[in-house]
Structures are given as structure tokens and as C-alpha cells.
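Participant: Quick one: sequence plus predicted model below, questions after.
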Amino acid sequence: MEFLFPALKVLVSLGIVLILLLLILPRVGNYLLRYKGISTGSGASFRLVKVQPITRDIYIAELEIKGKTYILGISGKGIDVIYKEDDKESPDSSDT
């Protein structure tokens, strides 16, 4: 009987905490995702355009980050930037 009352208090407290989390989490979740730079929709800071497998463990990924295009090589050894779009105009595109 001495164990029943403290156990009941713990279960009621746990229930209250879980209900509060379920009510608060949807409102706070979107804010936390935006704070970390993982926002979704039109305000996203990056967009994965395409992932192309080359072999079983090697992939090529095209990312668009703040309007610039990046091509990445992804393997078990790491990630390498293959191409990065620069702000500068290329010398071949000059008007003559």
C-alpha cells in the first residue's frame, strides 16, 4: 500500500508532461527547424535538386543553396565539391 500512492503520483505526473509535450511540440517544432536552417517550403535555405547513383556506394548530388548550384560527389570516404557556381561571369560569356 505504501508503494501504490507514490507510483500513482508518478503516473499522473508523467501523463501531464506527455499531454503538455503533445500540445506544445507542433507549435515549437517549426520554429526550431527554421532556427537550425532546415526550413521547408519557399523559405528553405537549400534545395536538393537531384541525386544520381554512380555505383553502389558513390553518388552525385546537385544542391541549390541560396540560388547557387553545387555539384557534390558523395562516397564512403566523404563528400567532395565537384562544381560550385560562382557569382563572377565566366570569360567565355563576354559580349564582343
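Facilitator: Looks like it came in fine. Numbers count the residues shown, from 1 in each chain.
Participant: only C-alpha atoms for contact and neighbour calcs from this point on.
Facilitator: OK.
Participant: what about the helices in this protein?
Facilitator: 4-35 (DSSP state H).
Participant: So it: which segments form each domain?
Facilitator: Using automatic domain parsing, the domain parsing of the chain gives 1-39, 45-85.
Participant: Can you flag the weakest of those domains by average pLDDT?
Facilitator: With a mean of 79, domain 1-39 has the lowest mean pLDDT of the domains of the chain.
Participant: Please list all residues in contact with the closest residue in space to residue 62 that isn't next to it in sequence.
Facilitator: Leaving out its chain neighbours, the residue that sits closest to residue 62 by CA to CA, 6 or more residues apart in numbering is residue 71, at 4.6 Å. Applying CA atoms under 8 Å, 6 or more residues apart in numbering, we find residue 71 in contact with 60, 61, 62, 63, 81, 82, 83, 84.
Participant: Buried only: go through those residues for me.
Facilitator: 60, 61, 62, 63 (16 or more other CA atoms under 10 Å).
Participant: As a markdown table, those residues with distance to residue 16 would be great.
Facilitator: Shown next, in a markdown table, are those (distance: CA to CA, whole Å):
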| residue | distance to residue 16 |
| --- | --- |
| 60 | 48 |
| 61 | 45 |
| 62 | 46 |
| 63 | 43 |
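Participant: and which of these is nearest to residue 21?
Facilitator: residue 63 (34.6 Å; CA to CA).
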